[in-house]
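Enquirer: Prediction below, plus the sequence it came from.
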Amino acid sequence: MCGRFGLIPTHSELAELFALLDLEPFPPRYNIAPTQPILMVMSGEPREPGSNLPNRRSLLVRWGMLPGWVKDPKKFPLLFNARSEEAAEKAAFRAAMRHRRTLVPASGFYEWRKDGPKQSQPFWVRPKNGGIVAFGGLMETWSEPGGSEIDTGAILTTEANADLAPIHHRMPVVIHPQDFERWLDCRDNEPRDVAALMRPVQPDFFEAIPVSDRVNRVANVGPENMEPVEPKPAPARNQKKTEMPADEQLKLF
């Protein structure tokens, strides 16, 4: 899953990678949480004749999707993740998966390894080579009864690759730069045409760095959230095998 992430590149780095001309300056963000605004990149209006830049625009959306048919958001669950394997069929994501696929720029994300009922170890998961990563996202505009509109979104997830599976069984979908245009083109590419892009990222793409539990609190928004620490020792697992009674063993033959 992806319940927290960070975005700390410079404005120029972000604008260059995603070919954005409308990107407003932004401060670094070290602990982005659901319900907060997140940056998304979508397909936009055609450029002026002669421009070789792709048609893209940036927008800020509420992290937590509200489908257009929701009547009362207070009674609707917070959909900040969408399972990529089901998104094209689920009522909450089906329309966005067909018409409003997005890219979510990030410097990395946080994940927690459960070491017991009351113990967990947070990790800052970032690209090994540094830089910016793009998660697959979905956007939906929800209209309030009064007529105002709210842009909302979710991050797509897939099965964790072998590197991250020991920490958590899910991870964000990663869209590589060479696939940006294909992913964002909802006019010519239906969900089935981009299904191959929603697979676990290749091994060795990410590195997982143990960090302190400061990141557990949304109020902690400084760069110290990403500083490496000595990981908490995982509790010893009971390896003792239970002997099967002799009379039960006989039933197996």
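Expert: Received the coordinates, thanks. Numbering: from 1, shown residues only.

Enquirer: in the protein, which segments are predicted with low confidence?
Expert: Across the chain, the ranges flagged by pLDDT under 70 are 50, 234-253.

Enquirer: can you map out the helices along it?
Expert: With DSSP state H, the ranges of helices along the chain come out as 11-18, 94-99, 180-184, 246-250.

Enquirer: Of these, which is nearest G64?
Expert: G64 lies closest, by C-beta to C-beta, to one member of the helices of the chain: helix 94-99, at 13.1 Å. For every residue, glycine as well, the C-beta is placed using N, CA and C.

Enquirer: mind listing what's buried in the closest one?
Expert: Neighbour-count burial for helix 94-99 flags 94, 96-97 (criterion: 16 or more other C-beta atoms under 10 Å).

Enquirer: do stretch 144-159 as well
Expert: Across stretch 144-159, burial judged by 16+ other C-beta under 10 Å covers 151-158.

Enquirer: repeat for stretch 1-12
Expert: Neighbour counts over stretch 1-12 (16+ other C-beta under 10 Å) mark 1-9 as buried.

Enquirer: just the buried residues of stretch 144-159 now: which is nearest V218?
Expert: Closest approach between these and V218, by C-beta to C-beta: I155, at 16.9 Å.

Enquirer: shouldn't the closest one be in contact with A134?
Expert: No - in this structure, I155 is not within contact of A134 by C-beta atoms under 8 Å, at 10.7 Å.

Enquirer: show me what contacts D151?
Expert: Contacts for D151 (C-beta atoms under 8 Å, 6 or more residues apart in numbering) come out as 59-62, 139-141.
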